[in-house]
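> prediction below, plus the sequence it came from.
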Amino acid sequence: MTLHDWMLLGYVLFITLNAVDLFITKIILENGGKEWNFIARFFYQKLGIKGIAGLKVVILGWFGIQCYFRVLDLFVIYYLNFMFAVVLYFMYRDAVQAGLKEKLNPLNRKS
């Protein structure tokens, strides 16, 4: 694999982690939780979960441009992914402790 392929893989992982983050955040907010990121909280208060999703699209677009033009170093994107995965682990753990385990399973969700 080339360096560009590894960057693309890191970016796809970053997109995946953001999708998981949005899903967990939605479940937590729907069940009385609080958004601690003040920027995301602002968008949530103004536009709901669509506001947070829009913010994520902007951030992912910016990172996509950085990856395309190779502004980001390979280690930076994987370091960000690692740190983001750690944050998601603690979000998931806190949600489970709050009794949201069944709601976090997308296969158990009823439309």
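The structure has been received and is ready for your questions.
> what about this protein, any weak spots by pLDDT?
109-111 (pLDDT under 70).
> tell me, what residue is most central in it?
Compute the mean C-alpha point of the chain, and by CA atoms, centre = their mean the closest residue is Asn18, 2.2 Å away.
> make sure that residue is actually in contact with Lys56.
Yes. Asn18 lies in contact with Lys56 (CB atoms under 8 Å); the separation is 5.1 Å. Glycine gets a C-beta too; all of them are placed from N, C-alpha and C.
> distance of Trp36 relative to Met91?
10 Å (CB to CB, to the nearest Å).
> same question for Gly32.
Here the distance between Gly32 and Met91 works out to 15 Å (CB to CB).
> more neighbours: those two, which one.
Taking neighbours as other CB atoms under 10 Å, Gly32 and Met91 compare with Met91 leading, 19 against 8.
> mind checking which helix or strand the spatially closest residue to Glu35 that is not a sequence neighbour is in?
Spatial nearest neighbour of Glu35, excluding adjacent residues (CB to CB, 6 or more residues apart in numbering): Arg41 at 4.2 Å. Using DSSP states H and E, Arg41 maps to helix 38-47.
> for Phe23, give me its contacts.
Pro106 (CB atoms under 8 Å, 6 or more residues apart in numbering).
> where's it, which helix or strand?
Following DSSP H and E, one finds Phe23 within helix 3-30.
> surely Ile27 and Leu100 touch.
Yes. Counting by CB under 8 Å, Ile27 does reach Leu100; the two are 5.8 Å apart.
> need the phi and psi values for Thr2.
Main-chain dihedrals, Thr2, degrees, to the nearest 10: phi -90, psi 170.
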